[in-house]
Each structure stands twice: as structure tokens, then as C-alpha cells.
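[1] Everything below, folded, please.
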Amino acid sequence: MPKHGKKYMEVAEKIDRRRLHSPLEAMRTVKQSATARFDETVEVHFRLGIDTRQAEQQIRGSVSLPHGTGKDVRVAVFAEGDKAREAEAAGADIVGSDDLVAKIEGGFFDFDAAVATPDMMGKVGKLGKALGPRGLMPNPKLGTVTMNVGQIITELKAGRVEYRADKFGIAHVPVGRVSFDEKLLVENYAALLDEIIRAKPSAAKGKYMKSVTAASTMGPGVKIDPSIVRNLTEE
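    The predicted model follows:
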């Protein structure tokens, strides 16, 4: 177990780890518990009752947060012709075809999301070993392999986030930054919660939402009551 600093221990001692908080109370506590000198990211961790060894119980998708993540998202687009021009007009940070493939093969990864038109996937496919482990591979299920490049770029820039359960059945998803108003954090959480519930695999048995915890980058976890799924901005 990593050793935590004095400030972390001081704020952690004030949090009752057994208590389930309302979403609003949890976000307020997360903000108050953030001690770093930078604007920490606020993440929510969903522990789900799924068996990710079973293909039909794996969950992965994306959702647009109403207030974004507070992060400047850099988007790379694999496209040619009119679609390349559409991507540039929508604000893509880098657009290319064979040249972009070569650049990535040479070690360029200065972007947060990648989009490709379907006709480009033959070229992009050979980048799987480089982009896949970094979570940057364009994927039709996530809407990042599409002819609607302008729309997906706009959504990614505005705060579209991906979620995916790890091998332990836990999804770790950002919902904003410590500098956000607590109600904005809760509204982002509400959009994410609705999507996680919607994504429940039909093969999942027993309790689906086992636990929900919110935390800032350097702060302690605060448990959220997973049974609260409506009127989330109330105390």
C-alpha cells in the first residue's frame, strides 16, 4: 500500500468510510478534501456486479457530460478529402491519412481521442498495438469510427467520456474538476449514472450497482449511496 502524506491523512480521518452520502454531499466532501496545488480531476468509481470474463457481461461505451470534464481534449482524425476538411472545420487538432499513420508509428501520441472514417480503418488497423493499450483506438461502438466526423469531434471537445469496466468489474470515469461547482459535478454524475444503469448486461445476475465512490486525483474516496438515482441535486 502506498504511503499517504500528512494532508491526505488529516482529511481522510474526517470522512466516515462506512457512511453512504447523497451525491451532493459526496461531491461537496470531495471538493473539501482536495489538498493538491493543482485543479484535481474528480472521478467516480462504479463497482458493478458483472463477470467481465464473460463477453456478454463486459460493458463499454461513452456518454456526453452536460458540463464537460474541464479538460482541453485533443482530437486526432484519420480522414481524407471532404471529411478531412470537415474535421479541420470542427476543430480537430491533427488530421491526416498515411502521414498520420506514419507519425504515430514513429511514436507520436500527443492526443486524447482518435476518430476515423470507416474507409480509413484498413490503414488504422495496423496501429492497434500502439493505440489499443492507450485507449486511443477508434471504435464503432464508441462512435469514433463514423462518417459524422464533425459531430463526434464536437461531442469529444464538449465533454464526451468513455467508460469501461476493468477485470474487477470497476469502471473509473472522470466527471469534472475540483474547481467545478458541486451541483455541476452532480449533474455530470447523474448523466453518467443513467448511462451505466442503461448499460447493464442482461446476463448480469444479483446486485448490479455494488458500490459507488467519488474521489479527487489526490484525495480520499467518499462513498455515494447507489440507491439514489433520482433528484440527485437534493441533500
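[2] Give me the contact list for stretch 88-105.
    Residues from elsewhere that reach stretch 88-105, judged by CB atoms under 8 Å, 6 or more residues apart in numbering: 74-80, 84, 87, 111, 115, 120, 123-124, 126-127, 130-131, 149-151, 153-154, 157. Just so you know, the C-beta spots here come from the backbone N, C-alpha and C atoms, and that holds for glycine as well.
[3] What mean pLDDT does it get?
    Mean pLDDT, stretch 88-105: 96.
[4] That stretch: end-to-end distance?
    Across its full length, stretch 88-105 reaches 22 Å between end residues, using CA to CA, to the nearest Å.
[5] centre of the chain versus that stretch, how much separation?
    With CA atoms, centre = their mean, to the nearest Å as the basis, stretch 88-105 stands 23 Å off its chain's centre.
[6] buried set for it?
    Using 16 or more other CB atoms under 10 Å as the test for burial, stretch 88-105 gives 88, 90, 92-97, 100-101, 104.
[7] Next, format those residues as JSON lines and append secondary structure and distance to Q57.
    What follows is the buried residues of stretch 88-105, written out as JSON lines (DSSP: H, G, I helix; E, B strand; the rest coil; distance: CB to CB, whole Å):
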{"residue": "E88", "secondary structure": "helix", "distance to Q57": "40"}
{"residue": "A90", "secondary structure": "coil", "distance to Q57": "35"}
{"residue": "A92", "secondary structure": "coil", "distance to Q57": "35"}
{"residue": "D93", "secondary structure": "coil", "distance to Q57": "35"}
{"residue": "I94", "secondary structure": "strand", "distance to Q57": "36"}
{"residue": "V95", "secondary structure": "strand", "distance to Q57": "37"}
{"residue": "G96", "secondary structure": "strand", "distance to Q57": "37"}
{"residue": "S97", "secondary structure": "coil", "distance to Q57": "37"}
{"residue": "L100", "secondary structure": "helix", "distance to Q57": "35"}
{"residue": "V101", "secondary structure": "helix", "distance to Q57": "34"}
{"residue": "I104", "secondary structure": "helix", "distance to Q57": "32"}
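[8] got these as CSV, with distance to E56 columns?
    Shown next, in CSV, are the buried residues of stretch 88-105 (distance: CB to CB, whole Å):
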residue, distance to E56
E88, 40
A90, 35
A92, 35
D93, 36
I94, 36
V95, 37
G96, 37
S97, 36
L100, 35
V101, 33
I104, 32
